[in-house]
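>>> just to be clear, the model below is a prediction. Sequence and coordinates:
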Amino acid sequence: VMKWALDHTTPLALAALRTTVGAPVLLVVAFVRGVRLPRTRQQWSAVWWISLSITTISSGFLVLAISRLSPGLSAMLSATMPLFTAIIAVVVIAEFPGRRGYFGLLIGLLGAVFLAVPALSSGNTTLGIVFSLISSVSWAAGAVLNKRLPGALEISPLMLVALQITFSAVCLHIAVPFVEDWSETSFNWGLTMPLLYAGIPSLAVTFYLFASVLRRAPAIQGAAVAYLTPFFGVLFSWLLVGDRLGETEIAGGLLVIAGVAVLSIDRR
């Protein structure tokens, strides 16, 4: 969907616009439900750092990467996030998975590779790969910060994500004029329709669910959802545009499901 949107705008502008669409939706829902705003400096600080890592740096570099990579390679690199999360979680919060956890991480990564290999093509750039890895590392850091920062645990996941996307919208809009030109953005239905999807279900709802998962599960286990990104990417390409599923994609999908399942039953 973001590939379609990039036909009508530039990468960083797209990152800014999708946060602008997603933030008000969550804020309205939060206020309607009577969710309170953060009260302490510690809580506001937690929102800021999580926002900077997950929905500002990570989301910004993700779109910059997508504009420079094939869909297959982009999906595969995004699926490295759980591995970076495991490394950061071990160092920062001493969160060690059990043997099943390590095994699940490796199976999931192997499955992501199998899913993405058939979609690899020319048109990839070294800069795109670097941007994608920055996005994955930043997202992984944000996942650990959700568990590490005391103030974050005191805020409703709904309000936390609503505010973090709002902060990101402000930061990204400030950054756009220094990197790109708004004149290259055409506000039409070709941009509006994919933008609504990229901003609300793909960003706002997804990160609210992600934050909710992190309240109930270890950071490493919660991060395993990234392995499902290439899985559903391949699945929807089959359902929506009729791409044929080969043996490699089917094997990769089964490995991804197995990896997430193994990680989910890791007692640690």
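Structure's in. What do you need?
>>> phi, psi of Glu154?
Backbone torsions for Glu154, taken as degrees, to the nearest 10, come to phi -90, psi 0.
>>> need the contact list for it.
When contacts are counted by CB atoms under 8 Å, 6 or more residues apart in numbering, Glu154 touches 38, 40, 43. Placement of C-beta: from N, CA and C, glycine included.
>>> would you list those residues in CSV and tack on secondary structure, distance to Met81 and neighbour count?
Formatted as CSV, those follow (DSSP: H, G, I helix; E, B strand; the rest coil; distance: CB to CB, whole Å; neighbours: other CB atoms under 10 Å):
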residue, secondary structure, distance to Met81, neighbour count
Pro38, coil, 26, 19
Thr40, coil, 30, 12
Gln43, helix, 26, 21
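>>> what segments of the stretch 151-268 of the chain are helices?
For the stretch 151-268 of the chain, the helices defined by DSSP state H, counting those that start in this stretch cover 157-179, 189-199, 206-216, 219-223, 228-241, 247-264.
>>> and those, which one's lowest on average pLDDT?
For these, mean pLDDT drops lowest on helix 228-241, to a mean of 73.
>>> so which bits of it are buried?
228-231, 233-235, 237 (16 or more other CB atoms under 10 Å).
>>> other SSEs contacting it?
helix 71-78, helix 99-116, helix 247-264 (3 or more CB pairs under 8 Å, 6 or more residues apart in numbering; DSSP states H and E).
>>> my guess is Leu52 meets Val170, correct?
No: if you go by CB atoms under 8 Å, Leu52 and Val170 don't touch, sitting 11.4 Å apart.
>>> between the two, which has more neighbouring residues?
Each of Leu52 and Val170 has its neighbours counted (other CB atoms under 10 Å); Leu52 has more, 19 against 15.
>>> can you check the pLDDT for Leu37?
Reported pLDDT for Leu37: 94.
>>> the one 3 residues further on too?
For Thr40, the pLDDT comes out at 93.
>>> ok, and the closest non-adjacent residue to it?
Gly151 (6.6 Å; CB to CB, 6 or more residues apart in numbering).
>>> neighbours of the one you found, how many?
Residues near Gly151, counting by other CB under 10 Å: 20.
>>> one more: Ser212?
16.
>>> Ala65 touches Ala75, doesn't it?
No: using CB under 8 Å, Ala65 is not in contact with Ala75; the gap is 10.8 Å.
>>> looking at the two, which one has more neighbours?
Comparing Ala65 with Ala75 by other CB under 10 Å, the one with more neighbours is Ala65, at 26 against 23.
>>> packing partners of the helix or strand that contains the more buried one?
Applying DSSP states H and E as the criterion places Ala65 in helix 59-66. If you count contacts as 3+ CB pairs under 8 Å, 6+ apart, helix 59-66 packs onto helix 2-5, helix 11-32, helix 71-78, helix 126-148, helix 157-179.
>>> which helices and strands does the shortest one pack with?
Applying 3+ CB pairs under 8 Å, 6+ apart, we find helix 2-5 packed against helix 11-32, helix 59-66, helix 189-199.
>>> what about Ile66, distance to Ala198?
Plainly put, Ile66 is 11 Å away from Ala198 if you go by CB to CB, to the nearest Å.
>>> mutual contacts of the two, please.
Met2.
>>> the spatially closest residue to Ser74 that is not a sequence neighbour: neighbour count?
Closest residue to Ser74 apart from its sequence neighbours, by CB to CB, 6+ apart: Ile66 at 5.3 Å. Other residues within reach of Ile66, judged by other CB under 10 Å, total 24.
>>> format the contacts of Glu154 as a markdown table; extra columns: distance to Ala211.
Formatted as a markdown table, these follow (distance: CB to CB, whole Å):
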| residue | distance to Ala211 |
| --- | --- |
| Pro38 | 14 |
| Thr40 | 19 |
| Gln43 | 14 |
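>>> just give me the closest of these to Ser183.
Using CB to CB, Pro38 comes nearest to Ser183 of these, at 37.3 Å.
>>> what about the closest residue to the closest one other than its chain neighbours, how many neighbours?
In this structure, Pro38 finds its nearest non-sequential neighbour in Trp44, 5.1 Å apart by CB to CB, 6+ apart. By other CB under 10 Å, the residues close to Trp44 number 15.
>>> give me the element Trp44 is part of.
In this assignment (DSSP H and E), Trp44 forms part of helix 41-50.
>>> done for today, thanks.
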